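>>> here is my input, please return the structure:
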Amino acid sequence: MIARIWRGTVREADKDTYYEYLKKTGLQEYAATPGNRGVYTLRRVSNGQCEFLLLTLWESWDAIRTFAGPDYEQAVYYPEDDKFLLDRGPHVLHYELL
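Next comes the predicted model:
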C-alpha cells in the first residue's frame, strides 16, 4: 500500500469553507477512484492560518496514476483552489506503508 500526502494552507477564516470545498472536489474524487483505500483530512490552525494535510492510501502506483495522471508526483488542483490557497506545493509525497 502507498500513502500519498498533500499539504496546503488557507486563511484561518476560510478553514471551514475550504473544507466544504475539499469535500466536493478532491476528497470526493479520491474516494471515487478505484484502488483508493482511505482518505484522511487533517488540519492545524496557527498564527491566523490553517494548514490542511491530506493523507490518502492507495493499493498500487497504477491506482495513483488513475487519480493523478501519468506525472503522479504532481499535485492535483481544482478551479477554485487559487481563491483559497496561500501556500501549496507543486508536488506531493509518497511513502510505502509497511
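
>>> all helices of this protein, in order?
Assigned by DSSP state H, the helices in the chain fall at 15-24, 26-32, 61-68, 81-84.

>>> just checking: what are the partner strands of the helix or strand of the chain with the lowest mean pLDDT?
Ranking every helix and strand in the chain by mean pLDDT, DSSP states H and E puts strand 85-88 at the bottom, with a mean of 89. For strand 85-88, the paired strands and their directions (DSSP bridges) are strand 2-11 (antiparallel).

>>> contacts for the least confident helix or strand of the chain, please.
The set of residues that contact strand 85-88 without belonging to it, under CB atoms under 8 Å, 6 or more residues apart in numbering, is 7, 8, 9, 10, 11, 49, 75, 77, 81. Just so you know, the C-beta spots here come from the backbone N, C-alpha and C atoms, and that holds for glycine as well.

>>> go ahead and confirm the third one touches residue 47.
Looking back up the chat, that one is residue 9. No. Counting by CB atoms under 8 Å, residue 9 sits too far from residue 47 to count as a contact (10.3 Å).

>>> that older thread, can I get the CA coordinates of the least confident helix or strand of the chain in CSV?
Extracted as CSV, the C-alpha positions of strand 85-88 are listed here (Å, rounded to 0.1, in the frame of the first residue of the first chain):
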residue,chain,number,x,y,z
LEU,A,85,-4.7,28.6,-1.0
LEU,A,86,-2.0,30.8,0.4
ASP,A,87,0.6,28.1,0.1
ARG,A,88,0.7,25.0,-1.9
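
>>> may I ask which of the contacts of strand 85-88 has the most neighbours?
Of all the contacts of strand 85-88, the most densely surrounded is residue 10 (25 neighbours; neighbours counted as other CB atoms under 10 Å).
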